[in-house]
Every structure is written in structure tokens, then in C-alpha cells.
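**Student:** coordinates only, sequence not included:
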Ligand SMILES: Nc1nc2c(ncn2[C@@H]2O[C@H](COP(=O)(O)OP(=O)(O)O)[C@@H](O)[C@H]2O)c(=O)[nH]1
Ligand SMILES: Nc1ncnc2c1ncn2[C@@H]1O[C@H](COP(=O)(O)OP(=O)(O)O)[C@@H](O)[C@H]1O
């Protein structure tokens with residue numbers, strides 16, 4: 001029997017580069033499961049789990065959560081997902097995380113969103129999220145139908161504590177120091193696909209065309 005090739009992909013890019021927005025479009029067009037480390041951490045914070053309490057102290061400071069904490073959380077979640085195609089968003093963010101992921105799974109594709117930092121700073125102050133689902137809005141780019149209210153549930157939207165301008169600057173510095181080397185790591189493995197631009201609507205068709213070469217599109 002021939003084993004079915006599973007699609008195991010990662011989407012990377014600085015905070016606010018559009019990983020969540022593009023992941024949503026990917027999930028709507030292709031059959032795969034999306035796992036966002038940020039959403040998972042925020043869920044743990046909301047539920048006040050042990051991991052959530054620890055993670056919050058780092059996230060609110062604009063720092064990365066320690067490698068061992070996030071790696072355990074994500075690898076466990078991937079195990080629960082079993083034999084499915086998946087897209088990991090926000091993990092790995094350091095070389096040790098990428099190495100730990102490699103030991104557990106073969107990653108065939110890494111989508112890198114290369115968006116200039118100035119573009120990002122402007123976007124993040126206008127970001128609003130629905131904490132229950134992780135749905136993301138932007139007061140300019142994709143505003144909710146009713147200001148401050150989630151389109152689907154009617155529940156209130158919130159701004160993320162870590163989207164304050166000074167915290168965003170810290171997160172971007174952390175990205176340069178700790179996450180940029182991960183791009184090199186995947187480049188060396190020959191799996192990195194970089195998509196550059198300042199607008200999601202212009203980047204998305206290129207990502208979609210690329211994925212069509214890898215996965216069947218859903219009707
Ligand atoms: N102005 C503008 N905002 C965008 C664009 N693409 C995404 N956004 C918004 O920018 C913010 C960051 O996007 P998100 O997908 O959350 O990025 P992530 O942090 O990489 O997951 C959100 O508020 C999005 O709605 C775009 O092309 N233009
Ligand atoms: N792989 C990870 N390693 C360490 N910390 C993480 C990781 N993923 C998320 N975090 C923490 O959660 C915060 C929010 O993550 P995320 O929602 O992915 O941010 P963004 O979408 O803006 O890049 C990060 O700033 C970081 O503190």
C-alpha cells in the first residue's frame with residue numbers, strides 16, 4: 001500500500017504581516033487544518049490554564065514564550081490532529097523550535113510573508129479580534145459590519161494588549177533577532193517560498209497559485 005503524502009506546511013512572517021488573514025483564505029480554499037500558536041496561547045490565557053498564566057507574562061511584554069513551553073503545547077496539539085493536512089501559523093519562531101518540529105514531522109512547504117515593518121506598524125494599531133474564535137478585523141482593511149461587534153456571533157471585539165505601539169516595536173525587534181534565522185534554516189532545506197508585498201489582496205493570488213501546485217482546491 002502506498003502511504004498518502006500529507007501536506008505539512010508552515011506560514012511565517014513578522015507580526016501583522018497577514019498570516020492569520022491569509023491562513024483563513026487558505027482554509028476556505030484548500031482542505032487542511034489551521035493551527036495558530038497565538039490563538040492557542042490566547043485561548044489558554046482566557047481559560048487561565050497553567051500555560052496561559054505563564055504565557056501572558058511574556059506576551060504582554062512583547063516577548064516570545066519560552067521554547068520548551070510553546071513546543072510542548074504545539075507538538076501535543078499536532079499529535080491530537082493525527083493524519084490530516086495542516087498549516088502551522090506562528091510556530092516555529094526560533095531555530096530550536098524549528099529543530100524540535102523537524103524531529104517530529106517532515107515539513108514540505110514554508111510560506112514566508114515578507115511585508116515591510118512600517119506597513120505593519122500602521123496595521124496593528126487598527127487590529128481588532130474576536131477572542132472566542134480568533135477572527136481578525138481591521139478598522140480600515142476589513143471592518144466588522146457593526147463597529148466593535150463580531151459579524152458571526154454578535155459578541156464584542158477587543159484590541160490585543162500586545163498591539164500597543166511600544167510592544168509592537170519590541171515584537172518586531174524580537175522577530176529580527178530570533179525568527180529571521182528560521183527563514184535561513186528553511187531556505188537551507190530548500191522549502192522556503194517567499195511572497196513580498198504591502199497588501200494582502202495582492203499577495204494572496206500568488207499564494208493561492210502556488211498552493212494549487214501542491215493541493216487540490218475545494219469547490
Ligand atoms: N490595511 C491593511 N490591513 C491588513 C491587510 N492585510 C491584513 N490586514 C490587517 O492587518 C492586521 C494584521 O493581520 P493578521 O492577519 O492578524 O496578521 P498576523 O499577525 O501575521 O497573523 C489585521 O487587523 C488585518 O485585518 C492589508 O493588506 N492592508
Ligand atoms: N512559536 C512561538 N514561540 C514563542 N512565543 C510565541 C509563539 N507563537 C506565539 N507566541 C507568543 O504569542 C504572541 C502572539 O502571537 P501571534 O498571535 O502569532 O502574533 P502575530 O500574529 O501578531 O505575529 C507573540 O508575540 C509571542 O509572545
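**Tutor:** Great, that's in hand. All of these numbers come straight from a predicted model, not from anything done at the bench. Residues are numbered from 1 along each chain as shown. Ligands and ions are numbered 1, 2, ... in the order given.

**Student:** does residue 115 really touch residue 195, like I thought?
**Tutor:** No - using CB atoms under 8 Å, residue 115 is not in contact with residue 195; the gap is 9.1 Å. Placement of C-beta: from N, CA and C, glycine included.

**Student:** find the residues that touch each one of those two.
**Tutor:** Listed as contacting both residue 115 and residue 195 by CB atoms under 8 Å, 6 or more residues apart in numbering are residue 203.

**Student:** buried sites along the helix or strand where residue 34 lies?
**Tutor:** Per DSSP states H and E, residue 34 falls inside strand 33-36. Neighbour counts using 16 or more other CB atoms under 10 Å place 34, 35, 36 of strand 33-36 among the buried residues.

**Student:** for those, which one is nearest ligand 1?
**Tutor:** residue 36 (7.4 Å; CB to the nearest ligand atom).

**Student:** can you give the contact residues for the lengthiest helix in the chain?
**Tutor:** Counting by DSSP state H, the longest helix found in the chain is helix 67-81. Helix 67-81 is contacted by residues 33, 35, 37, 40-41, 44, 51, 54-55, 64, 86, 88, 91, 93-94, 96-97, 100-101, 104-105 when judged by CB under 8 Å, 6+ apart.

**Student:** looking at those, which are in helices?
**Tutor:** Per DSSP H, the contacts of helix 67-81 map to helices at 37, 40, 41, 44, 51, 54, 55, 96, 97, 100, 101, 104.

**Student:** mind checking how far the fourth one is from ligand 2?
**Tutor:** Between residue 44 and ligand 2 the distance, using CB to the nearest ligand atom, to the nearest Å, works out to 10 Å.

**Student:** all set, thanks.
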